[in-house]
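# pasted the sequence and its predicted model underneath.
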Amino acid sequence: MLRVLGVIAALVCAAAALLLTWPQILKLERTYPFAQTIAFRGVDVAVCIALMILLLLLALIRPVRPIALALAIVVALAAIAGGAILLVRGVGADALPAKGTKSVRVLTWNTAGSATSPETIARTAVAMDADIVSLPETTISTGEKVALAMRGMNHRMWAYHTQYGAHGWDASSTTLLISPRLGDYSVVESSVNGSTGTSTVPSVVAMPVNGSGPVVVAAHAVAPREAYLTRWRSDLRWLADQCGSTNVIMAGDFNATVDHMSGLGIGGATLGKCTDAAQSTGNGAVGTWPTSMPALLGSPIDHVMTTTAWRASGSVVLESLDGSGSDHRPLVVQLEPAS
């Protein structure tokens with residue numbers, strides 16, 4: 001009887017482990033509760049390892065040994081699979097290549113509003129020699145202070161923004177800084193007035209005025225809380241649509257990992273025609289949120305993505321700023337023209 005129970009328990013556990021490890025197999029990656037569990041693959045692996053150890057200890061008790069060993073094998077396989085996914089996506093690269101004359105550096109940082117000072121943002125952007133700075137949850141007032149501080153450090157930037165409503169809530173604003181060396185830009189009006197865009201928190205779409213250069217998108221999707229799942233899925237589809245042309249740089253807080261974007265890419269890309277730069281440069285599994293957790297246990301929900309006009313040559317997640325106020329870590333990516 002125990003043997004039969006062991007087989008049944010192992011099969012049930014194996015099915016659960018498969019869905020929790022790869023819900024994409026049944027297209028459940030954007031549904032509750034799988035959207036929440038796969039956001040923290042590092043935690044999932046750690047829990048599986050802890051369960052495996054516990055089950056091996058239980059296997060010392062003879063009557064439950066068959067069940068315990070069968071379940072231990074299942075969770076061990078789940079831990080191996082999850083760990084392999086993390087390793088393939090990249091568990092840490094901490095250096096950027098030398099910046100060339102045509103290189104573009106992109107910094108994205110959800111600043112959590114006033115939790116992060118303009119001076120800290122400016123110093124970080126200048127230290128990283130950023131040409132594009134995407135700042136979700138940052139008002140234009142703060143963005144202008146950042147730009148002024150950067151100008152004082154001989155690093156000029158133009159500030160653009162989008163805001164939903166007039167209540168001044170930090171999360172209702174997204175600011176985008178672009179270096180003048182990339183040319184003049186203008187924010188697409190529909191993203192300003194909210195007639196099209198992400199559903200709850202704003203994204204900025206900036207077009208080059210002379211038609212030459214990349215479309216730059218500062219992205220912010222709503223968080224996938226159970227009550228907001230429909231809006232969140234709509235946001236990801238809208239962001240995928242912004243990657244429909246050939247020359248796009250999109251950076252921001254997507255509130256989604258690459259797992260959640262399964263099926264939203266075109267021709268092998270991650271989202272629309274955009275590919276995730278951190279994953280292609282060894283940082284795809286490094287968590288950018290929350291800063292209260294070790295990076296390898298956190299969730300990589302902040303991204304820099306580009307179409308095929310650009311090639312990512314390096315990236316870094318700045319863990320040294322965990323005490324700066326924001327609950328997100330900055331992500332910096334260096335891009336090179338693909339041609």
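Now that the structure is in, tell me what you want to look at.
# which neighbouring elements make contact with the longest helix belonging to the chain?
Longest helix in the chain, counting residues (DSSP state H): helix 65-89. When contacts are defined as 3 or more Cβ pairs under 8 Å, 6 or more residues apart in numbering; DSSP states H and E, helix 65-89 packs onto helix 2-21, helix 41-58. The C-beta positions use only the backbone N, C-alpha and C, and glycine is treated the same way.
# next, the buried residues of that helix.
Residues 66-72, 74-79, 81-83, 85-86, 89 are the ones in helix 65-89 that count as buried (16 or more other Cβ atoms under 10 Å).
# again, but for stretch 26-41
Burial within stretch 26-41, assessed by neighbour count using 16+ other Cβ under 10 Å, is assigned to Leu28, Glu29, Arg30, Phe34, Ala35, Thr37, Ile38, Ala39, Phe40, Arg41.
# equivalent analysis for stretch 107-124, please.
For stretch 107-124, the buried set under the neighbour-count rule, 16+ other Cβ under 10 Å, comprises 107-113, 116-118, 120-124.
# then stretch 211-227?
Buried positions in stretch 211-227, judged by neighbour count with 16+ other Cβ under 10 Å: Gly213, Pro214, Val215, Val216, Val217, Ala218, Ala219, His220, Ala221, Val222, Ala223, Pro224.
# figure out which of the helices and strands packed on helix 65-89 is closest to Pro294.
Between Pro294 and these, the shortest gap by Cβ to Cβ is with helix 41-58, which sits at 7.9 Å.
# return the distance of the closest residue to Gly284 other than its chain neighbours relative to Ile49.
Excluding its sequence neighbours, the residue lying closest to Gly284 (Cβ to Cβ, 6 or more residues apart in numbering) is Arg89, at 3.3 Å. Separation of Arg89 from Ile49 (Cβ to Cβ, to the nearest Å): 19 Å.
# just Ala93 next, same as before
Ala93 is 24 Å from Ile49, where distance means Cβ to Cβ.
# tell me which helix or strand comes right after the helix or strand bottoming out on mean pLDDT in the chain.
Within the chain, no helix or strand scores below helix 189-193, which has a mean of 67 by mean pLDDT, DSSP states H and E. Going down the chain from helix 189-193, the next helix or strand is strand 204-208, by DSSP states H and E.
# in which helix or strand does Glu336 reside?
Assessed by DSSP H and E, Glu336 sits inside strand 331-337.
# can you give me the offset of that strand from its chain's centre?
Distance of strand 331-337 from its chain centroid, counting by Cα atoms, centre = their mean, to the nearest Å, is 15 Å.
# now that strand: buried residues?
For strand 331-337, burial by neighbour count (16+ other Cβ under 10 Å) applies to Leu331, Val332, Val333, Gln334, Leu335, Glu336.
# just the pLDDT for Met128.
Per-residue pLDDT puts Met128 at 98.
# can you give me the strands for the chain?
Along the chain, counting by DSSP state E, strands occupy 104-108, 132-136, 158-163, 173-178, 185-187, 204-208, 215-220, 248-253, 275-276, 302-306, 310-317, 331-337.
# let me see the residues that make contact with the shortest one.
By that I understand strand 275-276. Contact with strand 275-276 is made by Val258, Gly265, Ala269, Thr270, Gly284, His303, Val304, Met305, Thr306, Thr307, Thr308, Ala312, as judged by Cβ atoms under 8 Å, 6 or more residues apart in numbering.
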